[in-house]
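Engineer: sequence and predicted structure below; questions after.
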Amino acid sequence: MLTTRFVTGAPNWLDISTCDIDGAVSFYGGLFGWRFRPAGPEAGGYGFFQLDGRTVAGGMQVTAEQGPPSWRVYFRSPDAEATAKAAEQAHGRVLAQPVDVLGQGRMAVLADAAGVPFGVWQPGETKGLDMVGEAGSLSWVELYTPDVAAAAAFYHATLGLETSAAPFPSTTDYTCLNPAGAGEDAVFGGVVPLADDPSEDTAHWLPYFEVADTDAAVAGARELGGTVRAPAADIEGVGRCAKLADPYGAPFAVIRSAPPQT
């Protein structure tokens, strides 16, 4: 499970690029209770979504030329340059070269071998998000990809991620992801064949946010101008999930996780 004891390869940051940051602030504030704190004039419009004073995500406004509204997942790296080089050697690309971020850390934006963008964050003063796994914060990530085996090989070579199979109510096992050497208790996400899910039409990383009530979150998203991409459904042993998009088209999901089995 995700925790704030971030280890190499685990998701440690998340942000949204949107065509309307004020509208996004209104939507996610209404849905999750988030507040937005600008990072200051030197940050180029970037800011932090916070819940009860704890940072749960970042965000900024972008132009249409910079890409469609979307969420980006970042993974912890002890050396952003080395990770960028590893991504290139594994047939990925460097979309934005490693750069220092106001002394808070070092980041790069990469793309995997299928072209899916993701980020890496090398911690400095900022280690990562202040809050994960609680209502209103990131609790899971999924990669939708045309080739699960190729994706697993890429992320193992680039971030050291390991995979394991989990029973799933479909024709194939669900492929889980966890940091190298951390064991299955550290699983933080999964890889899904793009062809297996009719609600997904492009390869991408999808963040899941924990909620107290999935159906209430779905209704709230609709009322706030969002759309439902896949209705709420129970997954045995996992929880109740739904896939949504904000009013500007950025896809995300919500989940009320099932209680841990003892």
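Structural biologist: Structure's in. What do you need?

Engineer: alpha carbons of stretch 72-89, as CSV, please.
Structural biologist: Taking Å, rounded to 0.1, in the frame of the first residue of the first chain, the C-alpha atoms of stretch 72-89 are listed here in CSV:
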residue,chain,number,x,y,z
ARG,A,72,0.8,13.0,-14.0
VAL,A,73,2.3,10.5,-11.5
TYR,A,74,5.9,10.9,-10.3
PHE,A,75,8.1,8.1,-8.9
ARG,A,76,10.9,8.4,-6.4
SER,A,77,14.4,8.4,-7.8
PRO,A,78,17.7,8.7,-5.9
ASP,A,79,19.2,10.1,-9.1
ALA,A,80,17.1,11.7,-11.7
GLU,A,81,19.9,11.8,-14.3
ALA,A,82,20.5,8.1,-13.9
THR,A,83,16.8,7.3,-14.1
ALA,A,84,16.4,9.4,-17.3
LYS,A,85,19.4,7.6,-18.9
ALA,A,86,17.9,4.2,-17.9
ALA,A,87,14.6,5.2,-19.5
GLU,A,88,16.3,6.0,-22.8
GLN,A,89,18.3,2.7,-22.7
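
Engineer: so where's the stretch 101-250 of the chain shaky on pLDDT?
Structural biologist: Scanning the stretch 101-250 of the chain for pLDDT under 70 picks out 167-172.

Engineer: cutoff 50 now
Structural biologist: Applying pLDDT under 50 to the stretch 101-250 of the chain flags the ranges 171.

Engineer: helices of that one, start to end?
Structural biologist: Assigned by DSSP state H, counting those that start in this stretch, the stretch 101-250 of the chain shows helices spanning 148-159, 214-223.

Engineer: from these, which stretch is densest packed?
Structural biologist: Greatest average neighbour count among the helices of the stretch 101-250 of the chain goes to helix 148-159 (a mean of 20), per mean count of other CB atoms under 10 Å. Quick note: C-beta positions are derived from backbone N, CA and C, even for glycine.

Engineer: so which elements touch it?
Structural biologist: helix 80-89, strand 138-145, strand 162-166, strand 174-178, strand 189-193 (3 or more CB pairs under 8 Å, 6 or more residues apart in numbering; DSSP states H and E).

Engineer: now it: how far from the chain's centre is it?
Structural biologist: 17 Å (CA atoms, centre = their mean, to the nearest Å).

Engineer: again with stretch 135-142
Structural biologist: 8 Å.
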